[in-house]
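S.K.: here's my sequence, what's the structure:
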Amino acid sequence: MRKLISLLVLLVMASGLAFALSRRPIGARAAMRQGRLDEEKVNFGRRYNSRGVEDTGAANIVASVVVTYRGFDTLGEVTVLFIAATGLAALLYTEKGRQPRHEAEPASLIVFTGCRFLFPLILLFGAYIFIYGHLTPGGGFQGGAIVASGFLLICLGCRGRSLSAGRLSATESLSGLLFVVIGLIGLSVGGSFLLNFLPKGTPYALLSAGVIPIIYILIGLKVGSELAGVIANLAGEAR
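M.R.: Sure thing, here's the model as predicted:
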């Protein structure tokens, strides 16, 4: 039975490789060549580049695509991260009662001092990344990861200082709830989830792009708190 399955897998892989090497057009490309489909309706990259700023007010086209045009993708990514963090917390919670807690060796004076000095700067930089995500490369996920790296520094350099699991969970829950609420408001107002229903303002200005900056701030807080909770659980510093 195992040999038969292996043979079928090899046949499927060989068929796919042969079809790829034949360079036969498939899908939308084949339909366009046959005149059954208009290129303007399927060339989303050209549409985003030409109309992204006008439609969303965001100077960063990637932000307009991720948050508005493909908002459900962002919702799915946030959900996956939430499930992963929750699963890890549940797994580590069951293991805590089985293993004795070991006291961590205190960090050196240089590392401890550097931790206290760099931590607020890391938080500030992460906040800058997701607040300005609609204008420059960056966004909620990137800024949230930077914020979480600050909490990682706390666990490594300021040992003995536990992170508040309750505060992290409250921040994550509130930001996630507001994110979904904004998406549902857009759905009720214009029939599209995460519709940009606020005034778009002046492109390339900080107060522009409607709901995109608000969404990026919420995603940054959610991702940062979730990753910080994962770090705290792995380090055994959550309380």
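S.K.: counting neighbours, what do you get for the residue lying closest to residue 207 once chain neighbours are set aside?
M.R.: In this structure, residue 207 finds its nearest non-sequential neighbour in residue 201, 5.3 Å apart by C-beta to C-beta, 6 or more residues apart in numbering. Yep, even glycine has a C-beta here, placed from its N, CA and C like the rest. For residue 201, the neighbour count with other C-beta atoms under 10 Å is 14.
S.K.: in contact with the residue nearest the centre of the chain: list those residues for me.
M.R.: Taking C-alpha atoms, centre = their mean, the centroid of the chain lies closest to residue 141, which sits 3.8 Å from it. Going by C-beta atoms under 8 Å, 6 or more residues apart in numbering, residue 141 touches 77, 219-220, 223.
S.K.: for residue 45, same thing?
M.R.: Contacts of residue 45 (C-beta under 8 Å, 6+ apart): none.
S.K.: following the one helix or strand it maps to, which helix or strand comes up?
M.R.: Here residue 45 sits within helix 44-56, counting by DSSP states H and E. For helix 44-56, the following helix or strand on the C-terminal side (DSSP H and E) is helix 61-64.
S.K.: hey, C-alpha coordinates of that next one in CSV?
M.R.: The C-alpha coordinates for helix 61-64 follow below in CSV (Å, rounded to 0.1, in the frame of the first residue of the first chain):
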residue,chain,number,x,y,z
ILE,A,61,0.1,50.9,-1.5
VAL,A,62,0.9,47.7,0.4
ALA,A,63,-1.1,49.1,3.4
SER,A,64,-4.0,49.9,1.2
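S.K.: can you pull the buried residues of the helix or strand harbouring residue 232?
M.R.: Residue 232 belongs to helix 212-235 when assigned by DSSP H and E. Residues 212-233, 235 are the ones in helix 212-235 that count as buried (16 or more other C-beta atoms under 10 Å).
S.K.: can you give me the helices for this structure?
M.R.: Using DSSP state H, the helices of the chain run over 2-21, 27-33, 39-42, 44-56, 61-64, 71-96, 109-131, 140-157, 165-190, 212-235.
S.K.: give me whichever of those helices is most buried.
M.R.: helix 212-235 (a mean of 24; mean count of other C-beta atoms under 10 Å).
S.K.: C-alpha coordinates for that one, CSV please?
M.R.: Listed next in CSV are the C-alpha coordinates belonging to helix 212-235 (Å, rounded to 0.1, in the frame of the first residue of the first chain):
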residue,chain,number,x,y,z
ILE,A,212,-6.1,52.5,7.8
PRO,A,213,-4.0,54.2,10.5
ILE,A,214,-6.5,53.2,13.2
ILE,A,215,-6.5,49.6,12.0
TYR,A,216,-2.7,49.5,12.0
ILE,A,217,-2.5,50.8,15.5
LEU,A,218,-4.9,48.2,16.7
ILE,A,219,-3.1,45.4,14.8
GLY,A,220,0.2,46.7,16.3
LEU,A,221,-1.1,46.6,19.8
LYS,A,222,-2.7,43.2,19.3
VAL,A,223,0.4,41.6,17.7
GLY,A,224,2.8,43.1,20.2
SER,A,225,0.8,42.0,23.2
GLU,A,226,0.2,38.5,21.8
LEU,A,227,3.9,38.0,20.9
ALA,A,228,4.9,39.4,24.3
GLY,A,229,2.6,36.9,26.0
VAL,A,230,4.2,34.1,24.0
ILE,A,231,7.7,35.3,25.0
ALA,A,232,6.6,35.6,28.7
ASN,A,233,5.1,32.1,28.7
LEU,A,234,8.1,30.6,27.1
ALA,A,235,10.4,32.4,29.5
